[in-house]
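J.: sequence and computational prediction follow.
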Amino acid sequence: SPPNFVLLFADDLGFGDLGCYGHPTSLTPNLDRLAAGGLRFTDFYCTSPVCSPSRASLLTGRYQTRSGVYPGVLYPGSRGGLPLNETTIAEVLKPLGYATAAVGKWHLGIGANGTFLPTRQGFDQYLGIPYSHDMGPCQNLTCFPPDVKCFGLCDVGTVTVPLMYNEVIKQQPVNFLDLENAYRDFASDFISTSAKKRQPFFLYFPSHHTHYPQFAGPGAAGMSLRGPFGDALLELDNTIGSLLETLEGTGVLNNTLILFTSDNGPELMRMSRGGNAGPLRCGKGTTYEGGMREPAIAYWRGIIQPGVTHEMASTLDILPTIASLAGAKLPQVMLDGVDMSNILFSQGKSKRETMMFYPTNPSETYGVFAIRLEKYKAHFYTQGASHSGTTPDQDCSIFASLTVHDPPLLFDLEADPSEHYPLSLDKRPDLQAVLGRIKKVKEQFEGSMVFGESQISKGTDPSLEPCCSPQCEPKPNCCHC
Ligand SMILES: O=[N+]([O-])c1ccc(O)c(OS(=O)(=O)O)c1
Ligand SMILES: [Mg+2]
């Protein structure tokens, strides 16, 4: 019978944040169990160092430049979103009779009359906050029990964050302390209902953890060794444990592929309240490895052999892989993802030999900032980011302005995954040859790249911000239900 798919997607979680990736104080026993019993990736990439573009690529198998989800991210009042003519994983599976649900952070647009919400993108059901949970005033919200306010300011002058069920606002502002429980119960009900009906299902679970401001309910607050960030991460891990129990209890665990990864690198500017990129350089907002290489685990009990793979793979590859496993037709569009089944099921080589690194704000002027080919990575441009500030490495901070590298900075990511020691090309014809191949890849890729109309440049309209009492005045503060 066709396999079920559970896609667990963390937010702003770094390569070094999980116990199974070496963090000394994170408590992630359930993710560690998935890694121990499944395949742990060491070279798995997202496509953007920030949320919305990365999520567009995950769900379409195409770089964000093609779908138009660039530059930067979408906001509560954004006019744009992931275009409806893009085909998501949910839309690939629906024709095969799959039940589909999204639970958590959408961040691919709301638009007029909810035109870009998950229910318009192939998901039968949706429960979640449709963008980052700092995109609304949070200083009076409780992030930790009994009444510890959220840290910092978040975005003021906007409606408070709403919890939506399908296209209706259920709660505004959301109650963070029971949000993850609500997500867990909703997701568990979806699994149980599908299992009872013997209907194959796709659960997309983009948690808000561990995005700023960190929050956690009573089941995790104060229970980690790593403070607020660790508590939020523990809450996500608890939820994953519950979902595993439900999959097991309903008898579908052996027929379910579970994938876990994160949307972009850690927000280092949050310091000890932010994530950690492990040995990788910089983090969110940059095209150094810390911003783009993510923790990733594939688990399918009895089918995927436990182990570690060093093969290169990406969020782009999830749609083609799920399509091939379900026997679904691929969308008739330019796909950048490749089927990674042979990595998953036969410890084979990846069909992916290259990865393109676009910055937060891709443009046709500069094109890709960096390219990885096999073990080599060439940076044509580098730039720091506010999200990666406060670290000792000055190249990560916002003060590290856009720099052209000609010849490109070249790193050997096997010998130097931290991108500390650029390779000299002098008297190295072998490296010059590598650079020649990379330039050819860049030429071919950019020759085929047609930038879709920027959705984010369509700007924002305050009247599009979700408000549970649309007639109330004065906005946005009156939107409370
Ligand atoms: O890239 N950005 O311009 C950007 C702006 C606001 C965010 O809150 C953000 O963070 S994100 O939404 O988690 O990616 C990113
Ligand atoms: Mg993010």
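T.: Nice, I can see it. Ligands and ions are numbered 1, 2, ... in the order given.
J.: now do residue 11 against residue 236, distance only.
T.: Relative to residue 236, residue 11 is positioned 9 Å away (C-beta to C-beta, to the nearest Å). Where C-beta positions appear, they are placed from N, C-alpha and C, glycine not excepted.
J.: same deal with residue 397?
T.: Counting by C-beta to C-beta - residue 397 and residue 236 are separated by 28 Å.
J.: residue 205 contacts residue 11, doesn't it?
T.: No. Using C-beta atoms under 8 Å, residue 205 makes no contact with residue 11, being 11.3 Å away.
J.: buried residues, the longest helix along the chain. List them.
T.: Criterion DSSP state H: the longest helix present in the chain is helix 227-249. Buried positions in helix 227-249, judged by neighbour count with 16 or more other C-beta atoms under 10 Å: 228-244, 246-247.
J.: same check on stretch 325-344?
T.: Buried residues in stretch 325-344 (16+ other C-beta under 10 Å): 325, 326, 328, 331, 335, 336, 337, 338, 339, 340, 343, 344.
J.: just want the most central residue of this protein.
T.: The residue lying closest to the centre of the chain (C-alpha atoms, centre = their mean) is residue 263, at 1.9 Å.
J.: pretty sure that residue is touching residue 56, no?
T.: No. Under the criterion of C-beta under 8 Å, residue 263 is not in contact with residue 56, lying 10.3 Å apart.
J.: ok, whichever residue of the chain sits closest to ligand 2 to ligand 1 distance?
T.: With C-beta to the ion, the shortest gap between the chain and ligand 2 falls at residue 51, namely 3.7 Å. Here residue 51 is placed at a distance of 3 Å from ligand 1 (C-beta to the nearest ligand atom, to the nearest Å).
J.: quick one: contacts for that residue?
T.: Residue 51 sits next to 11, 12, 73, 105, 107, 132, 263, 264 when contact means C-beta atoms under 8 Å, 6 or more residues apart in numbering.
J.: kindly report the same for residue 468.
T.: 162, 169, 171, 172, 479, 480, 481.
J.: name the helix or strand for the fifth one, please.
T.: Remark: residue 479 resides in no helix or strand, with elements defined by DSSP states H and E.
J.: need the pLDDT of it.
T.: On the pLDDT scale, residue 479 is placed at 98.
J.: report the secondary structure state of residue 275.
T.: What DSSP: H, G, I helix; E, B strand; the rest coil gives for residue 275 is coil.
J.: ligand 2 contacts on the stretch 51-200 of the chain?
T.: residue 51 (C-beta under 5 Å from the ion).
J.: tell me which helix or strand comes right after the longest helix of the chain.
T.: Scanning forward in sequence from helix 227-249 by DSSP H and E, the next helix or strand is strand 256-262.
J.: what's that next one packed up against?
T.: Packing partners of strand 256-262 (3 or more C-beta pairs under 8 Å, 6 or more residues apart in numbering; DSSP states H and E): strand 4-10, helix 29-37, helix 227-249, strand 293-299, helix 318-326.
J.: I'd like the ones you listed laid out as a markdown table, including distance to residue 85 and mean pLDDT.
T.: Output for the helices and strands packed on strand 256-262, formatted as a markdown table (distance: least, C-beta to C-beta, whole Å; pLDDT from 0 to 100):
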| stretch | distance to residue 85 | mean pLDDT |
| --- | --- | --- |
| strand 4-10 | 22 | 99 |
| helix 29-37 | 35 | 98 |
| helix 227-249 | 32 | 98 |
| strand 293-299 | 28 | 99 |
| helix 318-326 | 15 | 98 |
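J.: which residues touch the residue nearest to residue 330 when sequence neighbours are not counted?
T.: Nearest residue to residue 330 in three dimensions, chain neighbours excluded: residue 323, at 5.3 Å (C-beta to C-beta, 6 or more residues apart in numbering). For residue 323, the residues meeting the contact criterion (C-beta under 8 Å, 6+ apart) are 89, 92, 329, 330, 339.
J.: nearest to residue 158, out of these: which one, please.
T.: Closest approach to residue 158 among those (C-beta to C-beta): residue 89, at 29.7 Å.
J.: ramachandran coordinates for the closest one?
T.: phi -60, psi -40 (degrees, to the nearest 10).
J.: number of residues surrounding whichever residue of the stretch 101-250 of the chain sits closest to ligand 1?
T.: At 4.0 Å from ligand 1, residue 132 is the closest residue in the stretch 101-250 of the chain, using C-beta to the nearest ligand atom. Residue 132: 24 surrounding residues under other C-beta atoms under 10 Å.
J.: give me the pLDDT for it.
T.: 98.
J.: check residue 153 too.
T.: 87.
J.: wait, what's in contact with the residue nearest to it when sequence neighbours are not counted?
T.: Residue nearest to residue 153 in three dimensions, not counting chain neighbours: residue 139, with 5.7 Å by C-beta to C-beta, 6+ apart. For residue 139, the contacting residues are 149, 150, 152, 153, 154, by C-beta under 8 Å, 6+ apart.
J.: pull out the buried residues from those residues.
T.: 150, 154.
J.: picking up where we left off before, three-state assignment of the residue nearest to residue 153?
T.: Classified using three-state DSSP, residue 139 is coil.
J.: now do it against residue 155, distance only.
T.: Counting by C-beta to C-beta, the gap from residue 139 to residue 155 is 11 Å.
J.: all strands of the stretch 301-450 of the chain, in order?
T.: Counting by DSSP state E, counting those that start in this stretch, the segments of the stretch 301-450 of the chain that form strands are 307-309, 313-314, 354-357, 370-373, 376-382, 403-412.
J.: okay, now the sheet partners of the third one, with direction.
T.: Pairing partners of strand 354-357, with direction, according to DSSP bridges: strand 370-373 (antiparallel).
J.: using PDB, write out the CA atom coordinates for the partner strand.
T.: Extracted C-alpha coordinates of strand 370-373, given in PDB (Å, rounded to 0.1, in the frame of the first residue of the first chain):
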ATOM      1  CA  ALA A 370      28.200  30.400  -4.100                       C
ATOM      2  CA  ILE A 371      28.200  27.000  -5.700                       C
ATOM      3  CA  ARG A 372      29.100  23.600  -4.200                       C
ATOM      4  CA  LEU A 373      30.500  21.000  -6.700                       C
END
